[in-house]
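Trainee: My questions are about this predicted structure, shown below with the sequence.
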Amino acid sequence: MFSPKITYQNITDEEAFRIGREQVSALDLTEVSVDSERRYCWYSGQVKVTGQNMVVKVSVVNPDIMLDIWADDLKQTTGFIAFIINLINIALQIAYKMVQKTEDITQKILALMKASTVLEGLFSICENSKLVSEMTNCLTDLQQFLEGSFSESPLMSSIRETYSTLTNEFSPNSTVEELFGIGFQFKLLTWLHKVAEMIQYHINTYQETFNDINQISGELNTGLSFIKETIQKHEKSYGLGIISYLLILDKKSGLSFFEKNFGDLRINPDLIGGFLHALQSFGTEISEAETSMKTLTYEDYQFQIETGKNVRIALLLRGTPNDFVITRLQEFLKQFEKNFEVDVKNFTGNIQVFGPAGALFSAIFK
């Protein structure tokens, strides 16, 4: 009997047993019995390469894969035994690399999840104290979490740039201006979306690489789901926070059907409507085709515009429009034209008929 041992490390006993079984099974020997719980199995048969009859017992006793081999002539099978040992060693090396890859992916995901908690803290600071020192402290933590694995990423470049702006343009004990805070919140949303995207990518890589980690990948997906819920919460909070004025305009004339002020902004809706109508007409003329202007920036405000069959709806915003604002505005336009189609076509100057549009807006933007 010949009894070589192959030492393993950094893998489980179950994985070592699987490797030993798979490599011996590849030799066209018949598996006679197996005890997975006690981690041993028996093989017997004739090896085609040597023509020798052979019995092999594979067992695992940490930290060794043990082979007990019986053959007609052990001297003639020495080379073949060395071949089996080499196969097992190669499989172990592959397993070690897989373990390292698992650890690398896991560390990246955990770093990104820690980053998401810091971003959540930054949202809270923007909504409350707005202290520069608290913001820079969080950005320092954010860089520490991401520095190792993502130092060259566009996300890190954006974080470094923002940190530099805060430290160079504000004193530590000051608070950021409101408009800067709004822009900073939009940047946080962008970062949080990127973090979720990167986590999803690494979870997919994890699942594609390893088939027996459903429990672990399930836990990672649970964490990602929580981050996505956080994104939705902040998308809504940011979106509702930047809306200043709503205008619903006649597409043909630019006259105002409905307006709603969400703050203390004072504007002439018919003047704004005529201005937007003139810009739209100018765009159509130079392009020689009907075009729909979507955005317009004026000083600290932005217009987000959606044009339908008969009306044009404009939201005056105090920040960059996000997904929440854009998708809700599109839905509002669709529902408004459905609900008020007859009133728009038969409009005689009575804007009171469009009064319910306010409740419709609140329902869609809730």
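Mentor: Arrived safely. Numbering: from 1, shown residues only.

Trainee: Okay, and the beta partners of Thr30?
Mentor: Thr30 has these beta-bridge partners by DSSP bridges: Ser44.

Trainee: can you start the count at 25 instead of 1 from here on
Mentor: Yes, from this point I'll number from 25; that puts the last item at Thr54.

Trainee: what pLDDT does Trp215 get?
Mentor: At Trp215, the model reports a pLDDT of 97.

Trainee: for it, what are its contacts?
Mentor: Leu143, Leu179, Ser182, Ile183 (C-beta atoms under 8 Å, 6 or more residues apart in numbering). In this view, the C-beta of every residue, glycine as well, is placed from N, C-alpha and C.

Trainee: Buried among these? Make that a ChimeraX selection.
Mentor: The following ChimeraX line selects those of those that are buried, judged by 16 or more other C-beta atoms under 10 Å:
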select :143,179,183
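
Trainee: Of the contacts of Trp215, which belong to helices?
Mentor: Applying DSSP state H to those, the entries found in helices are Leu143, Leu179, Ser182, Ile183.

Trainee: Check the gap between the closest residue in space to Thr214 that isn't next to it in sequence and Leu213 for me.
Mentor: Nearest residue to Thr214 in three dimensions, chain neighbours excluded: Ser182, at 7.7 Å (C-beta to C-beta, 6 or more residues apart in numbering). Note on Ser182: its distance to Leu213, by C-beta to C-beta, to the nearest Å, is 12 Å.

Trainee: ok, now Asn285?
Mentor: Taken as C-beta to C-beta, the span from Asn285 to Leu213 is 25 Å.

Trainee: Which of those two has more residues huddled nearby?
Mentor: Between Asn285 and Leu213, counted using other C-beta atoms under 10 Å, the more crowded position is Leu213 (22 against 13).

Trainee: and the more buried one, what helix or strand is that in?
Mentor: In this assignment (DSSP states H and E), Leu213 forms part of helix 202-233.

Trainee: how about whatever helix or strand comes next after that helix: buried residues?
Mentor: Later in the chain than helix 202-233, the nearest helix or strand by DSSP H and E is helix 238-266. Across helix 238-266, burial judged by 16+ other C-beta under 10 Å covers 244, 247-248, 251, 254-255, 258-260, 262-263, 265-266.

Trainee: Show me the helices in the stretch 275-390 of the chain, by range?
Mentor: 293-311, 347-363, 365-369, 381-388 (DSSP state H, counting those that start in this stretch).

Trainee: Enumerate the positions of the last one that are buried.
Mentor: Which is helix 381-388. Ala381, Leu384, Phe385, Ile388.

Trainee: JSON lines for the residues you listed, including pLDDT and distance to Asp347?
Mentor: Converted to JSON lines, those look like this (pLDDT from 0 to 100; distance: C-beta to C-beta, whole Å):
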{"residue": "Ala381", "pLDDT": "96", "distance to Asp347": "23"}
{"residue": "Leu384", "pLDDT": "97", "distance to Asp347": "20"}
{"residue": "Phe385", "pLDDT": "96", "distance to Asp347": "18"}
{"residue": "Ile388", "pLDDT": "96", "distance to Asp347": "14"}
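
Trainee: Save those as TSV, and put in distance to Gly69 too.
Mentor: Shown next, in TSV, are the buried residues of helix 381-388 (distance: C-beta to C-beta, whole Å):
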residue	distance to Gly69
Ala381	82
Leu384	78
Phe385	78
Ile388	72
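
Trainee: What is the nearest of those to Ser83?
Mentor: Nearest to Ser83 among the buried residues of helix 381-388 is Ile388, at 67.0 Å by C-beta to C-beta.

Trainee: how's the protein carved up into domains?
Mentor: Split into domains by automatic domain parsing, the chain comes to 29-96, 122-265, 266-388.

Trainee: Can you give me the first-to-last residue distance of the longest one?
Mentor: For domain 122-265, the first and last residues are 47 Å from each other (C-alpha to C-alpha, to the nearest Å).

Trainee: How far away from the center of its chain is it?
Mentor: 10 Å (C-alpha atoms, centre = their mean, to the nearest Å).

Trainee: No further questions, thank you.
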